[in-house]
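Provide a 3D model corresponding to the input given below.
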Amino acid sequence: MKKLIWISAWLWIGLWSCTPTEEPTTTTPTPDKPVVDEVKKAIVDVMREWYFWNGQLPVTVDLTKYASNEALLDGIIYKPIDRFSYLTTQEAFNNSFVGRNAGHGFGFAFTADEKLYVSFVFAESPAGKDGWKRGWEITQINGKPIADYKTATGGYDFKLGTSDPGITNTFTFKLPDGTTTTRSNVKAEYQSNSVLDQRVIQVDAKKVGYWAYQSFKATAGLSPTRSAEVQTSMEFFQNQGVQELIIDLRYNGGGSVAVAEQICNYLVQSSNTGRLMYTNQLNAMKTAQNSSRNFSKIGSINLTRVIFLTSRSSASASELIINALDPYMDVVLIGDNTFGKPVGSFPLSSYNRILQTNNVEVVPITFAIANAAGKAEYFEGFPADFKVGDSPQFAWGDVKDLRLAAAIQYIRTGTVGNRMKDTYYKPSWEIIDAFKGLQQEFPVF
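Residues are numbered from 1 along each chain as shown. Predicted coordinates for the structure are as follows:
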């Protein structure tokens, strides 16, 4: 079975007909039946075969009702549970999972008073090469204050355009030292990194690893599928002899399941090698392809617990590693509830010649995931053990960062105090809300 990955897609349909006038003066040929786009029919065909909720699909689908492929998919998926299925191209799909991006290369986050900050920057992106840093406040975009971009629904539309190279936007920043700077930045293609920060923090007598991990991207060309960045980070923490590990998944929308497995195998105890990591269940037509994955310990990191810093932007493969490790060690979540995606997908174009030749990648939900304890229903997300506010105004690893400070406090005392919990606020809009489909798995501007 092909490598399983998390994703979502939408597709559309078109047809035309011609009605002759009542008393035509010339002969107008009319088709005997509507001309139906074969791509749209192929979408329905693969959905009937592979869609996890295929029993909930309409018995008949009138293709003439839909003006596009996206409208078709949206019209037949199992709502409201399915918030995830989507459509893309084969190239875009393959590029995303190995970090080939285009755009400015930054993320954002709001504080409780709705000030907008750069939350992360990819090193080789146009923003990274221009020196942008986490903690820079964005006060204007293209000469307009941030408030001007607020929509009627409470979200924001910054009108930055598509990710196509060559598009320029201008940003005004207030820097941590109080000075301001205005930068014009041109979108371009770049290779994104997944590891945003790694360090060891001394907490009393303990060496505590801190790892800010943005997305589960594989390194192109490696077989079996895995991440060289993950290997480098885990060897760093292993060589430093860390006794605790804080993994920051605040802005991690998911990615490669194979990389999630790699991380789990570094974190699990040696004694649990060979035990069940998770199971995949496909629809009733595909039970022969149900599968399971067992742990296979990598390296010598020896932990009894892992602390995750989370938000509603922590989704998909982020939730997979939380769920998979939970039966085997103490898993502590600090920050906010996660997104809620206990299901996954793999691309279907290789199963249909028409989709393949037309460069249409259909990525519907195709399987459900359960951990060793059978936990599989977390559509509302995993609840945070301690809800603490975000503070994107502080640099990675700064102990003034509220969620990192709460994790350190938990390591010291076994709990998080009320003063820290009182900082919690629920953002009305987060970076994951700015994107749909494939881009929601890898949210970045």
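
where exactly do the helices run in the stretch 51-200 of the chain?
Using DSSP state H, counting those that start in this stretch, the helices assigned to the stretch 51-200 of the chain run over residues 69-76, 90-96, 126-129.

export these to JSON lines and append columns for mean neighbour count and distance to Lys40.
Bear in mind the C-beta positions are built from the backbone N, C-alpha and C, glycine included. Shown next, in JSON lines, are the helices of the stretch 51-200 of the chain (neighbours: other Cβ atoms under 10 Å; distance: least, Cβ to Cβ, whole Å):
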{"stretch": "helix 69-76", "mean neighbour count": "21", "distance to Lys40": "6"}
{"stretch": "helix 90-96", "mean neighbour count": "17", "distance to Lys40": "18"}
{"stretch": "helix 126-129", "mean neighbour count": "21", "distance to Lys40": "37"}
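
can you give me the strands in the stretch 301-445 of the chain?
For the stretch 301-445 of the chain, strands defined by DSSP state E, counting those that start in this stretch occupy the ranges 305-310, 330-335, 343-345, 361-363, 365-371, 386-387.

what's the longest one packed up against?
With contacts defined as 3 or more Cβ pairs under 8 Å, 6 or more residues apart in numbering; DSSP states H and E, the secondary structure elements packing on strand 365-371 are strand 276-281, helix 317-325, strand 343-345.

need these in CSV with mean pLDDT, can you?
Below are the helices and strands packed on strand 365-371 laid out as CSV (pLDDT from 0 to 100):
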stretch, mean pLDDT
strand 276-281, 97
helix 317-325, 98
strand 343-345, 95
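
let's have those in JSON lines, adding distance to Gln140 and mean neighbour count.
Shown next, in JSON lines, are the helices and strands packed on strand 365-371 (distance: least, Cβ to Cβ, whole Å; neighbours: other Cβ atoms under 10 Å):
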{"stretch": "strand 276-281", "distance to Gln140": "45", "mean neighbour count": "20"}
{"stretch": "helix 317-325", "distance to Gln140": "32", "mean neighbour count": "25"}
{"stretch": "strand 343-345", "distance to Gln140": "38", "mean neighbour count": "25"}
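
and of the ones you listed, who's closest to Ser68?
The minimum distance between Ser68 and the helices and strands packed on strand 365-371 falls on strand 343-345, with 20.5 Å, by Cβ to Cβ.

tell me how this structure divides into domains.
According to automatic domain parsing, the chain comprises the domains 102-191, 195-342+373-427.

please identify the most buried of those.
Mean neighbour count (mean count of other Cβ atoms under 10 Å) peaks for domain 195-342+373-427 among the domains of the chain, with a mean of 19.

gap between it and the chain center?
Per Cα atoms, centre = their mean, to the nearest Å, the displacement of domain 195-342+373-427 from the mean C-alpha position of its chain is 14 Å.

got the end-to-end distance for it?
Taking Cα to Cα, to the nearest Å, domain 195-342+373-427 runs 25 Å from one end to the other.

low pLDDT regions in the chain?
Applying pLDDT under 70 to the chain picks out residues 1-36.

quick one, phi psi at the residue nearest to the spatial centre of it?
Geometric centre of the chain, nearest residue: Gly253, 2.1 Å, by Cα atoms, centre = their mean. In terms of degrees, to the nearest 10, the main-chain angles of Gly253 are phi -90, psi 0.

ok now do Gln202, which residues does it touch?
Applying Cβ atoms under 8 Å, 6 or more residues apart in numbering to Gln202 gives the contacts Val208.

quick check: bridge partners of it?
Beta-bridge partners recorded for Gln202 (DSSP bridges): Lys207.

same check, this time on Ala370
Thr279.

is it correct that it is in contact with Val343?
No - Ala370 sits out of contact with Val343 when judged by Cβ atoms under 8 Å, with a separation of 10.6 Å.

nearest to Phe442, of the domains of the chain?
Comparison of these against Phe442 by Cβ to Cβ identifies domain 195-342+373-427 as nearest, at 5.4 Å.

next one: the closest residue to Asn337 other than its chain neighbours from Asn418, what distance?
Distance criterion Cβ to Cβ, 6 or more residues apart in numbering; nearest residue to Asn337, sequence neighbours excluded, is Gly381 at 4.3 Å. Per Cβ to Cβ, to the nearest Å, Gly381 is found 24 Å from Asn418.

again, but for Phe97
Phe97 is 42 Å from Asn418, where distance means Cβ to Cβ.

ok, back up a step: will you turn the helices and strands packed on strand 365-371 into JSON lines that also has distance to Thr310?
Listed next are those as JSON lines, based on distance: least, Cβ to Cβ, whole Å:
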{"stretch": "strand 276-281", "distance to Thr310": "19"}
{"stretch": "helix 317-325", "distance to Thr310": "7"}
{"stretch": "strand 343-345", "distance to Thr310": "19"}
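
and the ones you listed: which comes nearest Val186?
Comparing those against Val186 with Cβ to Cβ, the closest turns out to be helix 317-325 (31.0 Å).

grab the CA positions of that closest one and hand them over as CSV.
Extracted C-alpha coordinates of helix 317-325, given in CSV (Å, rounded to 0.1, in the frame of the first residue of the first chain):
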residue,chain,number,x,y,z
ALA,A,317,0.5,14.1,11.9
SER,A,318,1.1,16.2,15.0
GLU,A,319,-1.9,14.5,16.5
LEU,A,320,-0.8,11.2,15.3
ILE,A,321,2.4,11.2,17.3
ILE,A,322,0.6,12.4,20.4
ASN,A,323,-2.0,9.6,20.1
ALA,A,324,0.6,6.9,19.2
LEU,A,325,2.9,7.7,22.2
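
name the residues that touch that helix?
Contacts of helix 317-325 (Cβ under 8 Å, 6+ apart): 6, 216, 249, 252-257, 259-260, 263-264, 267-268, 277-278, 306, 308, 310, 331, 333, 338-342, 344, 369, 371-372, 375, 378, 381-382.

noted, bye for now.
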